[in-house]
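Asker: fold the following.
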Amino acid sequence: MTSVTKALILLDAFRQVGPVAGVSDLARATGLPKSTAFRLLNQLAANGFLNRNGTDYRLSQHVFELGNSVPMCQPGDLRSIAGPFLSELFAASRTVAHLGVLDDLDVLYLDKIQGRTGAHVPTVVGSRVPASCTALGKAILPFGHRDSIERILQAGLERQTRYSIAAPGLFVSELKQVRERGVAFDREESALGLTSVAAPIIWRGVAIAAISTSGPTGRFDPVLYGSQVKAAANEIAALYGAHMRDLELERE
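Answerer: You can find the predicted model right below:
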């Protein structure tokens, strides 16, 4: 591996090791020699990608700036378009609202709105969960992601809780129902005590993302909010489509 590759692997390891990590932790996580990790970490710190405090390292604000420079985080793009609708979903349910995209076989959380009270939802913006276990993932997969479904089935369905779907036939049947009704449910499949309903954001026939609202099982009725989540997802899709058409016209 080149030094650049090794440095990128070290940066990526912070997702696994945590926000603050020492040389030994990062070397162990990446399989790099400790001396190599130490040298590259200091180079990354010298160039502003890491902050060093004694023997500990953490990602810098420069990395945060880079992350927010990706297209889906720019003004007028997906996250900013979806933001007001997430706020409305949160105001209606007073629980939690999410925006997520499919990344490989996982759902990557792009945004989250939660109040000071309510159910604890163990999600973090920038974190990921197997798509097969979440309402967000099940809302996205049936719309233009057949290859991802096949790969999930080949790899074997991951279980986050005892309620996660483990039978391939049952999983495929549920995705067919999602395609028919336009919403997906998560009944304690990604986290115990948590129930969710999600709807896909579809552009040109493909689900590019999904939004959801979640709450504590027993006190949150996902069916009650299904139509609202679906309507919000459709409005986001329309605004996103208009934004993309405007960009295409500008390029002509």
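Asker: isn't Ser24 right up against Ser35?
Answerer: No - proximity of Ser24 to Ser35 does not meet the contact threshold set by Cβ atoms under 8 Å, at 11.6 Å. Heads up, the C-betas are built off the backbone N, CA and C, glycines and all.
Asker: with only the CA atoms kept, save the helix-or-strand element of the chain with minimal mean pLDDT in CSV.
Answerer: Lowest on mean pLDDT, DSSP states H and E among the helices and strands of the chain sits helix 61-67, with a mean of 85. C-alpha atoms of helix 61-67 as CSV (Å, rounded to 0.1, in the frame of the first residue of the first chain):
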residue,chain,number,x,y,z
GLN,A,61,-12.9,20.5,12.1
HIS,A,62,-11.3,20.4,8.6
VAL,A,63,-12.6,16.9,8.1
PHE,A,64,-16.1,18.1,9.2
GLU,A,65,-15.8,20.8,6.6
LEU,A,66,-14.9,18.3,3.9
GLY,A,67,-17.7,16.0,4.9
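Asker: Arg58 bridge partners, please.
Answerer: Counting by DSSP bridges, Arg58 is bridged to Val20, Asn51.
Asker: quick one: contacts for it?
Answerer: Phe14, Pro19, Val20, Ala21, Leu50, Asn51 (Cβ atoms under 8 Å, 6 or more residues apart in numbering).
Asker: 6 Å instead, please
Answerer: The contact partners of Arg58, taken as Cβ atoms under 6 Å, 6 or more residues apart in numbering, are Pro19, Val20, Asn51.
Asker: adding distance to Ile236, write these out as JSON lines.
Answerer: Shown next, in JSON lines, are the contacts of Arg58 (distance: Cβ to Cβ, whole Å):
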{"residue": "Pro19", "distance to Ile236": "30"}
{"residue": "Val20", "distance to Ile236": "35"}
{"residue": "Asn51", "distance to Ile236": "36"}
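Asker: Val178: neighbour count?
Answerer: Other residues near Val178 come to 22 when the count uses other Cβ atoms under 10 Å.
Asker: what spatial separation is found between it and Phe185?
Answerer: To Phe185, Val178 is 9 Å away according to Cβ to Cβ, to the nearest Å.
Asker: related to what we said a few turns ago, list the buried ones in the very next helix or strand once past the least confident helix or strand of the chain?
Answerer: As assigned by DSSP states H and E, the chain's next helix or strand after helix 61-67 is helix 78-93. Going by neighbour count (16 or more other Cβ atoms under 10 Å), the buried part of helix 78-93 is Leu78, Arg79, Ile81, Ala82, Gly83, Phe85, Leu86, Leu89, Phe90, Ser93.
Asker: quick one, grab the pLDDT at the fifth one.
Answerer: Reported pLDDT at Gly83 in the predicted model: 93.
Asker: name the nearest residue to it, sequence neighbours excluded.
Answerer: Distances taken as Cβ to Cβ, 6 or more residues apart in numbering place Asp111 nearest to Gly83, at 6.6 Å, with adjacent residues excluded.
Asker: secondary structure element for the one you found?
Answerer: strand 106-114.
Asker: and Phe14, how far from Thr36?
Answerer: From Phe14 to Thr36 the distance is 17 Å (Cβ to Cβ).
Asker: that should have said Phe220, apologies.
Answerer: On the measure of Cβ to Cβ, Phe220 and Thr36 end up 49 Å apart.
Asker: what about the helices in this structure?
Answerer: Assigned helices in the chain, in chain order: 3-17, 23-30, 34-46, 61-67, 78-93, 135-140, 146-155, 168-181, 222-251 (criterion: DSSP state H).
Asker: need the winner for burial among those.
Answerer: Highest mean neighbour count of the helices of the chain: helix 135-140, a mean of 31 (counted as mean count of other Cβ atoms under 10 Å).
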